[in-house]
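> only geometry, no sequence info:
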């Protein structure tokens, strides 16, 4: 798969969907895993903060700097319309004839949390071809943790006035991002205040050695303010990962975790298949029934 | 467990945590499942909409009407501090000497999404004792779907100006709630506009027969405006569920789904245990390694 070859990537993704377990698919995935060219940036943050608008502006800025961009819109609820909605938004924000952009909607795993096996595999294929792979999810909480499990760099977006998000970050509910951006900087004073709150929330992390110190900034997708700072912050994190084999170690930990979960998932589904159709009549308690059925596994 | 007996409930929860598989724990859970007294209300919505403040106001209003209230603060990231943070917030908003309120923080399942087995069991115990069980989560997306899997009634909170949440609901990313509330109604015109957007987003659902028509309202936890409407809407949904055995059917579907997931989860963990420690060296692709290890399962 040559660098930036949109058609080859589309063919590879189609093959992945058609025959995910075939030997040649696995060989392709293994090769793509080794290529490991691009920086995978997970874009997280609650709905309404202007993430999609930011994505559009970020893509244009990256393209203007000559970087190619792959985009994965992850739908945590696994409903097709959702992923399509996100994907469509991004598509609307980018030039369809630009071969340096590739947008794909992918599913989160059904009811199990974590990104679907195919989504992770698709990310690996895209990462082998594009300079930057942006992964956008809806929501915060579990989906944010899921993205952290596949991204090299986590970008957390928050809008002025959402103190709760920062409190959750302080409390460790929301994972500490690598780069945190206050959106809607054009609001002036509220954005300033939010930025200082954000810095306060993230300074807790400061003492540890060999730890990346999260970068905080504010930006406006409308005016373009802060976009260069954002790209500089993402680049700085990528450079930091490049030192002392940090990137390789980071990806190995993620891949190991993915492997363990994929094994658990497959074996779990296998067990269910063996039990046949599991039903529960109305009024029957599931608790003793669980130990009864578990004994047959 | 007598109705409203705080000490007995605490003992039952402790027993559940100590010996979740013991025969007497199962007998207790089965009995509690049959009692099925309370209405389980899942409270969802993005951080920053004022969910905790609303919870406090709702609890006070319910208590003023003589209803007992159990509260489960679910932490989707499974980090203890998070659940504790939510729990503490609610505790701060309620009278610690009131035997009619019981607050507990519980964990979401680790990295697997869905609520933990123990959290679901705890909810069943609490539901047997309290008139209303409120389940609060952080975040939207997966955690919101998880709560819908255990609640009788889903309350979605959104603040004025968050058009994205409504768009996601329209697109089916966020599940359709039973009751949707615009918080911060004291903002006036923006709240009015948000309410009409909300009604628009939820009217898509209108044609189907035997479907609950989602109630939309606006409220202010500060002024108390709309709180009685909220309780009336929750009551109306409970009354609707009470007709034609809808509640029993709804809970049976949820319990069946829970049973299937618990079986998959247990069997999956079993398989991992059999494989022993799964490791992946830096630079090794997880893809062919997955099929290699899966063959040994």
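Received it, and whenever you're ready, just let me know what you need. The shown structure was predicted, so the numbers you read here are calculated from the model rather than taken from an experiment.

> use CA for all of it now, contacts and neighbours both
Fine.

> can you confirm residue A:72 is in a strand?
Yes: under DSSP: H, G, I helix; E, B strand; the rest coil, residue A:72 sits within a strand.

> give me the number of residues near it?
25 (other Cα atoms under 10 Å in any protein chain shown).

> can you pull the contacts of it?
Taking Cα atoms under 8 Å, 6 or more residues apart in numbering or on different chains, we find residue A:72 in contact with A:87, A:103, A:104, A:105, A:106, A:123, A:133, A:134, A:135, A:136.

> Which of the helices or strands spans the second one?
Following DSSP states H and E, one finds residue A:103 within strand A:101-107.

> Just give me how far the helix or strand just after that strand sits from the chain centre.
Sequence order places helix A:117-127 as the next helix or strand after strand A:101-107, per DSSP H and E. When C-alpha coordinates are averaged (Cα atoms, centre = their mean, to the nearest Å), helix A:117-127 and its chain have centres 11 Å apart.

> quick check: angle from helix A:117-127 to strand A:101-107?
In terms of direction (axes from the mean of the first three to the mean of the last three Cα atoms, to 10 degrees), helix A:117-127 departs from strand A:101-107 by 170 degrees.

> what is the rounded mean pLDDT of helix A:117-127?
In this model, helix A:117-127 carries a mean pLDDT of 88.

> ok, residues contacting that helix?
A:9, A:12-13, A:16-17, A:20, A:29, A:32-33, A:36-40, A:70, A:72, A:106-109, A:133, A:150, A:262.

> Likewise for stretch A:230-240?
A:39, A:58, A:62, A:152-153, A:178-179, A:181, A:212, A:215, A:217, A:219, A:246.

> Closest one of the contacts of residue A:72 to residue A:289?
residue A:106 (35.4 Å; Cα to Cα).

> What about the contacts of helix A:117-127, which are in strands?
Among the contacts of helix A:117-127, the members falling in strands (DSSP state E) are A:39, A:40, A:70, A:72, A:106, A:107, A:133.

> Output those as JSON lines; include the columns pLDDT.
Converted to JSON lines, these look like this (pLDDT from 0 to 100):
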{"residue": "A:39", "pLDDT": "97"}
{"residue": "A:40", "pLDDT": "97"}
{"residue": "A:70", "pLDDT": "94"}
{"residue": "A:72", "pLDDT": "88"}
{"residue": "A:106", "pLDDT": "75"}
{"residue": "A:107", "pLDDT": "68"}
{"residue": "A:133", "pLDDT": "96"}
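
> In JSON lines: those residues, plus distance to residue B:241.
Converted to JSON lines, these look like this (distance: Cα to Cα, whole Å):
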{"residue": "A:39", "distance to residue B:241": "50"}
{"residue": "A:40", "distance to residue B:241": "46"}
{"residue": "A:70", "distance to residue B:241": "46"}
{"residue": "A:72", "distance to residue B:241": "40"}
{"residue": "A:106", "distance to residue B:241": "35"}
{"residue": "A:107", "distance to residue B:241": "32"}
{"residue": "A:133", "distance to residue B:241": "46"}
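
> Let me know the closest of those residues to chain B.
Minimum distance to chain B across those is 11.2 Å, recorded for residue A:107 (Cα to the nearest Cα).

> pLDDT of stretch A:234-252, averaged?
What stretch A:234-252 shows for mean pLDDT is 94.

> roughly how far out does it sit from the chain middle?
Using Cα atoms, centre = their mean, the offset of stretch A:234-252 from its chain centre is 17 Å.

> So for that stretch, first residue to last residue, what's the gap.
20 Å (Cα to Cα, to the nearest Å).

> Can you select the buried ones from the contacts of residue A:72 in ChimeraX?
Buried residues among those (16 or more other Cα atoms under 10 Å in any protein chain shown), as a ChimeraX selection:
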select /A:87,103,104,105,106,123,133,134,135,136
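
> farthest pair in the contacts of residue A:72?
A:87 and A:123 (14.8 Å).

> Using the three-state scheme, assign residue A:154.
Strictly by three-state DSSP, residue A:154 counts as strand.

> do the one 3 residues further on as well
Put simply, residue A:157 is strand when judged by three-state DSSP.

> Do a quick rundown of the helices in chain A.
Counting by DSSP state H, chain A has helices at residues A:6-18, A:23-35, A:51-64, A:80-92, A:117-127, A:142-148, A:163-170, A:189-202, A:227-242, A:246-275, A:286-295.

> Go through the third one and flag the buried ones.
I take that to be helix A:51-64. A:51-63.

> For residue A:258, give its distance to residue A:265.
Distance from residue A:258 to residue A:265, by Cα to Cα: 10 Å.

> Repeat that for residue A:275.
On the measure of Cα to Cα, residue A:275 and residue A:265 end up 16 Å apart.

> between those two, which one's more packed in?
residue A:265 (22 against 14).

> Quick check: closest non-adjacent residue to the more buried one.
Spatial nearest neighbour of residue A:265, chain neighbours left out: residue B:268 (5.9 Å); criterion: Cα to Cα, 6 or more residues apart in numbering or on different chains.

> what's around the one you found, how many residues?
With other Cα under 10 Å as criterion, residue B:268 counts 24.
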